Every structure is written in structure tokens, then in C-alpha cells.
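Q: kindly return the folded structure for what I paste below:
(chains A, B, C and D)
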2 protein chains.
Amino acid sequence: MKKLRNTEQRKIILEELKKVNTHPTADEVYEMVKKRLPRISIGTVYRNLELLSKCGLIQKLELGCSQMRFDWNTNNHYHIRCIRCGKVEDVPVETMSRFEKILEGKSDYEIIGHRLEFIGLCPKCKKELKDLKEEKQKEFRKEECSGLQEKINRRFR
Amino acid sequence: MKKLRNTEQRKIILEELKKVNTHPTADEVYEMVKKRLPRISIGTVYRNLELLSKCGLIQKLELGCSQMRFDWNTNNHYHIRCIRCGKVEDVPVETMSRFEKILEGKSDYEIIGHRLEFIGLCPKCKKELKDLKEEKQKEFRKEECSGLQEKINRRFR
DNA sequence: TTGCATGCAAAGTTTTTGCATGCAG
DNA sequence: CTGCATGCAAAAACTTTGCATGCAA
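A: Presented below is the predicted three-dimensional model:
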């Protein structure tokens, strides 16, 4: 590993990240930083987010979506993710370090930590879904898939 | 949504997935299926994994890595991931549905579920790391980053 | 002065999609 | 037949990397 220098880009990336609670993706960080440093490149943003998280100055959130998200809050805390719009928010619950103990003697792994993520519907999506007569949709989907399900069950047992 | 047909490709993708406990990525599924259907395309694999998981026949694991992984076991269960090699295994611990209740009244979200993932070192990586004099590495890294950390702390408070 | 950091662009990786054709129902 | 599914290839989305140059220490 190499020594980290204190560049303008690095400083501003960190500053912008500390301004928000939205756990932005790399691209979102890029957009925020670009307002202050119009010539910054996306590569620099990726490189710095990677380095800063390696040094423990920020946290790389490897959440249940294909994109990485970054969090200036390096305290261990939990998140809740909206299954519909992908928004990620902090959850006001204390972390439970004793979780790791659950696995003692049950696994050959050396447990380092755990990640607990809640999945749900944010208020906005909750409302929008209601308007979509979600009940009807669900029934519809179930009906369509059940044919295949039965066939496959028959085949596989 | 459209009706699902029972094609050879779809059937074999499911069969191959049921053979393994390795929570393969889409590409790994593709490699497995290709042995039996050499002409199958990666697009078909993606489309089917997506459809099968939408129907609840398999589970899409959105774990802490950039690639999706798929699991034939649709029961709710926890996983442990090796932070070094990325391997994912099941964890012999019962799921705790009461977790969702923790958030009651503390969040505006409608909680649908939770995902608990343990992070650790698999036995193989544990051994390999020992040989790398990990202790020395850790000290080294800490020293290198502390300079920046201090500077930034001073600047930001 | 030294060598890490940057901007830029190209390339890599993973996933999605358009389209003509195939095939299950 | 009908229209969902497939193979193929191109494109999209996200991330990494090579290189010449810039700049912090």
C-alpha cells in the first residue's frame, strides 16, 4: 500500500460525502463533487472512494443491489432498503455484536462481523403501490407461476 | 407478466442449480448448464434466473459483492461470506423473524424482511493469511493512513 | 525531486436488450 | 397457429486500468 496524499479532490469527495445521509453510489458522489470540481474524473472518484474505505475513513456498503454505495458514517450501523426504489436509509437500532457468537462452534469460519439489512417499502413507494391495486397483481402473478411450479415439483421428486 | 413455458433450457438450469450448494453466479450457472446444452446463451441464463426467482422457484441472493448469486433453497436462511475469496456458504442457524419487530414504531418503512449475512474468513483463507504475516501488514497499513486521518480530523471539526 | 494522484480514454466485467427465428402449448 | 423463449450480438451499466502529466511533500 502507498502513502495517501491530501489532495483537493480527495478532501472534497470526503466533504461532500459527509454532507449527505443518502449513502450515494460512486456516480452520485461524482455528480456532487463535479459541482465544485468540474474537471474531476469518475476514475478519480472510484479510486478515492476505494482508498478512503480501505483506510477506514468511510464505509463501503456492499448492499443488496448491484451498485456499491458509500457512507461517511463508519460506525457499525444497520440499513433499511426499499425493495422498490432502492433507497437506503439508516436504521435507529443498536448493533448487536453478540450475533457473531451465535455461530461459535457451528462454523469453521473465523467470524469477523455481520451485516443486517432490513428490506421494506419506503413510505413513498408504499403509497404508490396502493394505487396500483397491488392485491390484484399478486394474485395474477401467483396464478401464472403456479402451473410451472407444479410441473417442476412433479418432475423433481 | 407472461406465462412461463416449460422449456428444456429452463428445466436444466433449475436442475443444475439444485445439484450444488455453492450459490453460483449467473456465469457459473451458465458454465454448468453449457455442459449439457452447449448452445445455450448467457442471455437465456440471465433471463431464466430472473424469471425463476420472480416466481419463487429459486432465490436471488443479493449479497455483499458485485455479482448476483442464485440459490435453489428458497427457505429463508442465512449465509456466511469469506471476505477474502468471496465464497458463500449456508449457515446452520435458524432465522429470526422477530427481527422485523425491532423496527416497529421506529421507522416509516413497511418492513418486509431482513437479510443477515456473516462475514468471515473461510478455513482455507484463514490458513493462507497466517502465512502472510498478517500482523505486520496490519501495522503497516495503520501507520500509513494515520497521517491523513489526523489531518482530515483537524480540518473537519 | 520523487513518486503518488489526476484526467482522460480505453478496456474489463456483468447484465440487459433488440431482433429474427424456434418451439411449447 | 400464437406468442413466449431462444441464440446471437450489440448495447448498457458499472468499474477498473494504462498512460502521460500534475502536484503534494
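
Q: how about the residues of chain A by DNA strand D?
A: For chain A, the residues in contact with DNA strand D (C-beta under 7 Å from any atom of the strand) are A:5-8, A:25-27, A:42-43, A:46-47, A:50, A:66-68. All C-beta spots, glycine's among them, are computed from the backbone N, C-alpha and C.

Q: of those, which pair is most distant in space?
A: Pairwise distances across those peak at 32.1 Å for A:Asn6 and A:Ser66 (criterion: C-beta to C-beta).

Q: so where do the helices sit in chain A?
A: With DSSP state H, the ranges of helices along chain A come out as A:8-19, A:26-34, A:42-54, A:99-102, A:123-130, A:134-156.

Q: per-domain residue ranges of chain A.
A: Domains of chain A are assigned by automatic domain parsing as A:8-120, A:125-157.

Q: weakest of these by average pLDDT?
A: The stretch with the lowest mean pLDDT among these is domain A:125-157, which comes in at a mean of 48.

Q: residues near the residue nearest to A:Asp108 when sequence neighbours are not counted, how many?
A: With sequence-adjacent residues excluded and distances taken as C-beta to C-beta, 6 or more residues apart in numbering or on different chains, A:Asp108 is closest to B:Pro123, at 4.6 Å. For B:Pro123, the count of nearby residues is 13 (other C-beta atoms under 10 Å in any protein chain shown).

Q: mind checking pLDDT for B:Pro123?
A: Confidence at B:Pro123, expressed as pLDDT, is 85.

Q: right, and it touches A:Tyr109 too?
A: Yes - with contacts defined as C-beta atoms under 8 Å, B:Pro123 counts as touching A:Tyr109 at a distance of 7.2 Å.

Q: got the residues of chain A near DNA strand C?
A: A:2-5, A:7, A:9-10, A:37, A:39-44, A:47-48, A:51, A:66.

Q: and those, which of them are buried?
A: If you count burial by 16 or more other C-beta atoms under 10 Å in any protein chain shown, the buried members of the residues of chain A next to DNA strand C come out as A:4, A:9-10, A:40, A:44, A:48, A:51.

Q: and the two most separated of those?
A: A:Leu4 and A:Ile40 (17.2 Å).

Q: what's the distance between the residue lying closest to A:His77 once chain neighbours are set aside and B:Tyr109?
A: Closest residue to A:His77 apart from its sequence neighbours, by C-beta to C-beta, 6+ apart: A:Asp90 at 5.8 Å. The spacing between A:Asp90 and B:Tyr109, counted by C-beta to C-beta, to the nearest Å, is 12 Å.

Q: and A:Met32, by the same measure?
A: Distance of A:Met32 to B:Tyr109, given as C-beta to C-beta: 25 Å.

Q: more neighbours, those two?
A: In this comparison of A:Met32 against B:Tyr109, neighbours counted by other C-beta under 10 Å, the higher total goes to B:Tyr109 at 22 against 19.

Q: now do the contacts for that one.
A: Neighbouring residues of B:Tyr109 by C-beta atoms under 8 Å, 6 or more residues apart in numbering or on different chains: A:80, A:82, A:89, A:118, A:120-123, A:126, B:103.

Q: got the phi/psi numbers for it?
A: Backbone dihedrals for B:Tyr109, given as degrees, to the nearest 10, come out at phi -70, psi 150.

Q: and the residue nearest to it when sequence neighbours are not counted, what does it touch?
A: Taking C-beta to C-beta, 6+ apart as the measure, B:Tyr109 lies nearest to A:Gly120, with 3.8 Å between them; neighbours along the chain are not counted. With contacts defined as C-beta under 8 Å, 6+ apart, A:Gly120 is in contact with A:80-83, B:107, B:109-113.

Q: returning to that earlier point: anything in contact with each of A:Asp90 and B:Tyr109?
A: Common neighbours of A:Asp90 and B:Tyr109 are listed as A:Ile80 (criterion: C-beta under 8 Å, 6+ apart).

Q: in stretch A:104-124, which residues are buried?
A: Within stretch A:104-124, the residues that count as buried by 16+ other C-beta under 10 Å are A:107, A:109, A:111, A:114-122.

Q: got it, and stretch A:8-23?
A: Using 16+ other C-beta under 10 Å as the burial criterion, the residues of stretch A:8-23 that qualify are A:9-17, A:23.

Q: hmm, that stretch touching chain B?
A: Yes - against chain B, stretch A:8-23 shows contacts by C-beta under 8 Å from any C-beta of the partner chain at A:11, A:14-15, A:18.
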